[in-house]
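Student: A predicted structure for the sequence below; I have some questions about it.
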Amino acid sequence: MTTSEVPIRRRTPGLSWYDLVLEDQHPVPEDLRSPRIYPPSSVEIPNERYTSREWHVLEREHLWRKVWQMACREEHLPEVGSYVLYDIAGDSYIVVRTRDGIRCYVNACLHRGRALKDFDGRCSEFRCPFHGFTWRLDGTLRYTPAPYEFPTVDSDRAAWNLPEAKVGVWGGFVFINPDSTAEPLEDFLGEMPQQFARWDFEHRYVQAHVEKLLRCNWKVAQEAFDEGLHVGGTHPQSAPYVGDANGAVDVYGNVARQISPSGTPIEDLPEDPGEVEILRRMLDVREGEDLPIPFSQRTTARDSMADAARERWRSVLGDDIDRASDGELVDHWNYAVFPNFHPWGAFNRIVYRFRPNGDLHDECIFEVMFLTPYRGEQPPTAAVRRLGFDDRWSEATELQTLGLVMEQDSFNMERVQQGLQTTRRPCITTSTFQESMIRWRHDLLTEWVEKRAGRSS
Ligand code: FES
Ligand SMILES: [Fe+2]
């Protein structure tokens, strides 16, 4: 990647998120609002990272076979023997609950290679459908047909254990890492769990789960959610109430976050909409209709939305919600765990994951989950709704108003891929500050993929 030599001007002349939250009735606590700015810089990222098969093959070897990655939620493995398949860049893994905790095996028979499992499910052992080689849930070999035909099995049974990937759990998410020498998940996540402790991700359940196929590289899809600068262009309905150039971006090692403020317009809106109009737009209230929540002239749209959100959550979380600041109730806390996982913080409920579709570099699977807080008995886990390339997000009514936003974001993605494949410019350019999350991830990709492959761009 190439870094710009042009001098960098100061960030937005408007009120940035870091200062905006200080003016709230219930300000965001200091440890959650302290800036951890990635040194501002405008960089050029080579298009080949999105368009080349060769780069994808390097990612498969140096990234996907080495890095911690979110495979599923613990609730997807409710009982001993429950398992899910986790497919990534042509590889397939079985994540299974055993009597000794959650384990992960490479989904391939050690006889002649058939995938051991084709679908998620529950089993008491792994029996290959081809010739019947069978492994126990702990990965040890239990049965071979015609054992005298396989003299090497008995001479070294340990060599016939199913190869394993490492497993780690955080916040109810199950992570795997195919690299047996990898650092523990806790070290990889660094200080992130501390920030999320306030939001109690263990007591959340998958209320909605939608995955969509897209004709673009997984990073093209992901980067559509890495910044707020596209609000005016892509989501014009939100321009009066979601900030763009005044968002926060902070980096904590392998984790970064981008926060778009709510109840404040984008910078280039021709005129100030005023607080009542901002509130109307946020609530999608038409001309002549009454506001469904109280608004006093002494407060702001942001205050009113925060108060209303607090009361809404009170029915689930009780008076614990009084500890939440206004920013946690109304802003867009988009956290990203390198390389492909976005568990939004605070009370947003949103989780994204981006993966290559099979082993293809120019197609991806984009998943959206609603991870909703609960108290008492855990509500049932939503089944995955699968949308094909040409299905519309609006079919997933469980995503409510987010479906329209996803439609708008997805509209750009395949066009970006096409543009990157046809452009004569060999690179894309990032903005200095607001697109820091994109730059952060590509800097890590340089470390993980490019340097380990002994390559430079
Ligand atoms: S390939 Fe699995 S038993 Fe033969
Ligand atoms: Fe968007």
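Tutor: Cool, the structure landed. Ligands and ions are numbered 1, 2, ... in the order given.
Student: what about the residue nearest the centre of the chain, distance to Val351?
Tutor: The residue lying closest to the centre of the chain (CA atoms, centre = their mean) is His342, at 2.2 Å. Separation of His342 from Val351 (CB to CB, to the nearest Å): 7 Å. Every residue, glycine included, has its C-beta placed from N, CA and C.
Student: picking that back up, confirm that the residue nearest to the centre of the chain sits in a strand.
Tutor: Yes - counting by DSSP: H, G, I helix; E, B strand; the rest coil, His342 falls inside a strand.
Student: Look at the residue nearest to it when sequence neighbours are not counted and report its pLDDT.
Tutor: If you skip the residues right next to it in sequence, His342 has Tyr352 as its closest partner in space, 4.0 Å away by CB to CB, 6 or more residues apart in numbering. Tyr352 carries a pLDDT value of 98.
Student: Check Ile8 too.
Tutor: 63.
Student: Over to Asp272?
Tutor: 89.
Student: so who does the residue nearest to it when sequence neighbours are not counted touch?
Tutor: Take Asp272 and drop its neighbours on the chain: the residue closest to it by CB to CB, 6+ apart is Pro265, 7.3 Å away. Pro265 makes contact with Ala239, Pro240, Tyr241, Gly243, Asp272, Pro273, Ile278 under the criterion CB atoms under 8 Å, 6 or more residues apart in numbering.
Student: Let's see if you can find the most crowded of the residues you listed.
Tutor: Using other CB atoms under 10 Å as the neighbour test, those are led by Gly243, with 28 neighbours.
Student: Low-confidence regions, this structure specifically.
Tutor: For the chain, applying pLDDT under 70 flags the ranges 4-11, 457.
Student: Output the contacting helices and strands for the longest helix belonging to it.
Tutor: Taking DSSP state H as the criterion, the chain has its longest helix at helix 402-422. Helices and strands touching helix 402-422, by 3 or more CB pairs under 8 Å, 6 or more residues apart in numbering; DSSP states H and E, are helix 48-51, strand 204-214, helix 218-223, helix 231-234, strand 364-373.
Student: Rebuild the ones you listed as a markdown table, extending it with distance to ligand 1 and mean neighbour count.
Tutor: Output for those, formatted as a markdown table (distance: least, CB to the nearest ligand atom, whole Å; neighbours: other CB atoms under 10 Å):
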| stretch | distance to ligand 1 | mean neighbour count |
| --- | --- | --- |
| helix 48-51 | 36 | 20 |
| strand 204-214 | 29 | 20 |
| helix 218-223 | 30 | 25 |
| helix 231-234 | 48 | 17 |
| strand 364-373 | 27 | 21 |
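Student: can you count the residues close to Thr397?
Tutor: So Thr397, with other CB under 10 Å, has 10 neighbours.
Student: Spatially nearest residue to it, not counting backbone neighbours?
Tutor: Per CB to CB, 6+ apart, closest to Thr397 is Gly403, 7.2 Å.
Student: so that neighbour sits right up against Leu387, yeah?
Tutor: No - judged on CB atoms under 8 Å, Gly403 makes no contact with Leu387 at a distance of 10.3 Å.
Student: Surely Asp390 forms part of a strand?
Tutor: No - Asp390 is assigned coil when assessed by three-state DSSP, not a strand.
Student: can you offset everything so residue one is 67?
Tutor: Noted, 67 is the first residue going forward, which turns the last one into Asp456.
Student: and it, how many residues sit next to it?
Tutor: Neighbours of Asp456 (other CB under 10 Å): 7.
Student: domain ranges for this structure?
Tutor: As recorded under automatic domain parsing, the domains making up the chain are 86-117+253-519, 138-247.
Student: most packed of the ones you listed?
Tutor: domain 86-117+253-519 (a mean of 18; mean count of other CB atoms under 10 Å).
Student: How far does that one stretch from one end to the other?
Tutor: Domain 86-117+253-519 has its terminal residues 44 Å apart, counting by CA to CA, to the nearest Å.
Student: helix/strand/coil for Cys138?
Tutor: Classified using three-state DSSP, Cys138 is strand.
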